[in-house]
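Student: Sequence and predicted structure are below.
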Amino acid sequence: MENQTNEIAGQAKQAIKKETVAQVQNLAGEKYKYGFTTDIESEKAPKGLNSDIVRFISAKKDEPEWLLDWRLDAFERWQSMQEPNWAHVHYPPIDYQDLYYYAAPKSMADRPETLDDVDPELLKTYEKLGIPLQEQELLAGVKTRMAVDAVFDSVSVATTFRETLAESGVLFCSFSEAVQQHPELVKKYLGSVVPKSDNYFAALNSAVFSDGSFVYIPPHVRCPMELSTYFRINEANTGQFERTLIIADKGSYVSYLEGCTAPMRDENQLHAAVVELIALEDAEIKYSTVQNWYPGDKEGRGGIYNFVTKRGDCRETRAKISWTQVETGSAVTWKYPSCILRGDDTVGEFYSIAIANNLQQVDSGTKMIHLGKNSSSRIISKGISAGRASNAYRGRVSVHQKADNVRNFTQCDSLLIGDKCAAHTIPYIEARNPSAILEHEATASKISDDQIYYCRQRGLDAEEAVGLIVNGFCREVLQHLPMEFAVEAQKLVSISLEGSIG
Amino acid sequence: MSALLDINNLHVNVDDKTVIKGLDLHIKQGEVHAIMGPNGSGKSTLAFMLAGRENYEITKGEVLFDGTDLSTLTPEARAAKGLFLAFQYPVEIPGVNNMNFLRASLNALRRARGEAEMDTAHFLRFVREKAASLGMQDDMLKRPVNAGFSGGEKKRNEMLQLAVLEPRLIVLDEIDSGLDIDALKLVADGVNALRSPERAMLIITHYQRLLDHIKPDRVHVLADGRIARSGDAQLAQTLEQSGYADYGGEPKQIKADKASATDAGMVANG
Ligand SMILES: Nc1ncnc2c1ncn2[C@@H]1O[C@H](COP(=O)(O)OP(=O)(O)OP(=O)(O)O)[C@@H](O)[C@H]1O
Ligand SMILES: [Mg+2]
């Protein structure tokens, strides 16, 4: 099914009107703009989790035997593992038997051949979300073109610009399709950065992952456009377990962005993704995230549990991986995009803005594992807490004993709005080689009433004032986002803090 | 013609302490008034009350700005109506680029007034011009608002905001403190450039110096929460010599001789 499903994009040349990119209007004054539900019939796996469910998912995707075995092995390991409890977050126990592990729009079973055949309700959803699914030639200089893989619950609805990308040898498709079309690459790299039993949620994902994106950039190719995946959870009581695999071959470059939203619901929903990046010699991967899952309401009802494992492997000499994240959504976030600096002269970067408002809880940060000589890393973390939220930065910088001349610079800044929120900074440093130069700086500050008043005297209302101050606080990180998203992200930062004062 | 600012029998409490105790003040368009007075007499309180700071409670009397009861307006609505306060102690906002701040302010004011926002190119030229006229370096525009600015630089930055936002009622709270002599001249020139038949100004200062450059139409002495005395520009000079001893403040010179103390008394009573 996924095979043909994904064909639609390649053939979809007809335009859905320009309005596709129009932003969704503020719904009935709700602050969370993406909280609507798409009314669509979907096909689900039976509720609960056992090896039959794993087989069900694998069968849905026509997977080869080796992958089913891989999943079953992961499932077995998961069953003997414990949910981690060291993070600075609190939530009621998750009943893993009370979830659906697979949900796909029924209409996708009809194997739509072109975008014309895709259920209009689905297209409308992306229209409302402001995600372009038609391959439009945007005016040169105004906005670079962007290829999109749109994942709706457990399936990829469309992947755009695949033909254009194929001309330069870039492979960009849904994970399911990659399993069919490029099994050798998937087999070689899957689980090579995040082993299937790496942690509880990674093991769960390895057992039941549904869709996600796959990218391969051939040697010495600079990917001609931004690649992006847009994840949407729609179905209730459903977990989303996507899997992304990006391989940048020698001397190549790619910039990739993921975005995510979900409807507003009173129940919590689980999202446990795994992202693996592999950068070979002289390759560079820039991975940006704008995470805007539904955060729950003011009283902390509902929202997404965002338990994600993201790791990049600078596998060969001079490889570079840069993570940039803007985390504004989710009820609970547990996420540490990391870099293994295996090759000599490799570079890892982590630029993060994490916002926790109302009753949101964030425990996020990074790990920089220095194995190669002269490897260097840079961590810039900006945490913002408002309402009654809790926001923790957790980071680890470790230097292997053979890794000479390692350098790390870490800067962790916390900004507090109001006096009922909390910020924590938990850095771990392990240096087993005396030549390492590791710098750590941390600051904590508060937006004062005087600052807000000063802005208001100059004509800004209190929320604009907070937006301005917070955006100033995060500017250094925002600058690392692809241009097209910097403005959107800046708005998102302001919106997610609405109602945080006064 | 009614005044741009009408303050009638105003009483203000700050955190339950009565600071303004029956103040009357009327400023017409085109006029420049100066307020002098001892430390702690309520000058800044008056300024903050006008600009709508929280916890400044009017217990009696009224304040009308262009006929509107100010107490009904939020601080930002007052700003949109054209009220500007240059702070005695300008606030630092780390991380927020000065230029961006000015732009956000100007555009917020314009939006509130139903005007179009100023485009970037036009805005940059406009601000650079104003900054140059105040002797400010371009790099101050790129730095975070007031963060790490010297005392005098902060005051100049207040003047820059004033020049860019072009308000109708200007309240300057000790804009001259901390300025060197050259900067004082530049700031005074800046204030004078803003004098116009539509605008009114209320200048709070301790020093005659500033008023030498900006000739006020009226000078008031604020003492213990009330206007103790009003006069023309000459009054400022008298105060410079005599101090506030007879307004409940400290005598100007601790070892003042009898004669000058008597002079001051005569002025106060005369
Ligand atoms: N928040 C507050 N709580 C209690 N008292 C206050 C508060 N703010 C001001 N006051 C008091 O009100 C009085 C007037 O203060 P204000 O700052 O208006 O004086 P000022 O005339 O501006 O003095 P200066 O010349 O030193 O600037 C002072 O006695 C001050 O201590
Ligand atoms: Mg004062």
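Tutor: In hand now; what should we look at? Ligands and ions are numbered 1, 2, ... in the order given.
Student: roughly how far apart are B:Leu160 and B:Ala183?
Tutor: B:Leu160 sits 12 Å away from B:Ala183, going by Cβ to Cβ, to the nearest Å. Yep, even glycine has a C-beta here, placed from its N, CA and C like the rest.
Student: okay, the two: which has more neighbours?
Tutor: B:Leu160 (21 against 18; other Cβ atoms under 10 Å in any protein chain shown).
Student: pretty sure that one is in a helix, no?
Tutor: Yes: assignment of B:Leu160 by DSSP: H, G, I helix; E, B strand; the rest coil places it within a helix.
Student: Around B:Tyr244, count how many other residues there are.
Tutor: When counting by other Cβ under 10 Å, one arrives at 23 neighbours for B:Tyr244.
Student: tell me the pLDDT at it?
Tutor: Model confidence at B:Tyr244, given as pLDDT, is 76.
Student: So which bits of the stretch 51-200 of chain B are right by ligand 2?
Tutor: Residues of the stretch 51-200 of chain B lying close to ligand 2 by Cβ under 5 Å from the ion are B:Gln88.
Student: which one's the longest strand in chain A?
Tutor: strand A:303-314 (DSSP state E).
Student: who does the next helix or strand after it pair up with?
Tutor: Downstream of strand A:303-314, the first helix or strand assigned by DSSP states H and E is strand A:320-327. Note on strand A:320-327: by DSSP bridges, its sheet partners are strand A:284-291 (parallel), strand A:347-356 (parallel).
Student: Check which helices and strands the helix or strand where B:Arg125 lies sits against.
Tutor: Element membership for B:Arg125 (DSSP H and E) is helix B:120-133. Packing partners of helix B:120-133 (3 or more Cβ pairs under 8 Å, 6 or more residues apart in numbering or on different chains; DSSP states H and E): helix B:98-112, helix B:138-142, helix B:151-165, helix B:181-194.
Student: Quickly compare the strands paired with strand A:320-327 and say which is most buried.
Tutor: Among the strands paired with strand A:320-327, strand A:347-356 has the highest mean neighbour count (mean count of other Cβ atoms under 10 Å in any protein chain shown), at a mean of 26.
Student: Next, the angle from that strand to strand A:303-314.
Tutor: 170 degrees (axes from the mean of the first three to the mean of the last three Cα atoms, to 10 degrees).
Student: Tell me the first helix or strand C-terminal of strand A:347-356.
Tutor: Sequence order places strand A:361-370 as the next helix or strand after strand A:347-356, per DSSP H and E.
Student: Run me through the strand neighbours of that following strand, direction for each.
Tutor: In the sheet, strand A:361-370 lines up with strand A:332-335 (parallel), strand A:338-341 (parallel), strand A:390-399 (parallel) (DSSP bridges).
Student: mind showing which ranges of chain A have poor pLDDT?
Tutor: By pLDDT under 70, the low-scoring segments of chain A are A:1-31, A:109-113, A:132-145, A:154, A:260, A:262-263, A:499-502.
Student: So which elements touch the top helix by length along it?
Tutor: The longest helix of chain A (DSSP state H) is helix A:462-478. With contacts taken as 3+ Cβ pairs under 8 Å, 6+ apart, helix A:462-478 sits against strand A:320-327, strand A:347-356, strand A:376-385, strand A:407-416, helix A:449-457, helix A:483-495, strand B:93-97, helix B:98-112.
Student: redo that, cut-off 7 Å
Tutor: Judged by 3 or more Cβ pairs under 7 Å, 6 or more residues apart in numbering or on different chains; DSSP states H and E, the packing partners of helix A:462-478 are strand A:347-356, strand A:376-385, strand A:407-416, helix A:449-457, helix A:483-495, strand B:93-97, helix B:98-112.
Student: Tell me which of the ones you listed sits nearest to B:Gly82.
Tutor: Evaluated over the helices and strands packed on helix A:462-478, closeness to B:Gly82 peaks at helix B:98-112, with 8.6 Å, by Cβ to Cβ.
Student: What residues does chain B have near chain A?
Tutor: B:51, B:53, B:75-76, B:79-80, B:85, B:91, B:93, B:95-97, B:101, B:104-105, B:108-109, B:112, B:144, B:161, B:165 (Cβ under 7 Å from any Cβ of the partner chain).
Student: What mean pLDDT does the helix holding B:Arg125 get?
Tutor: Per-residue scores along helix B:120-133 average to 91.
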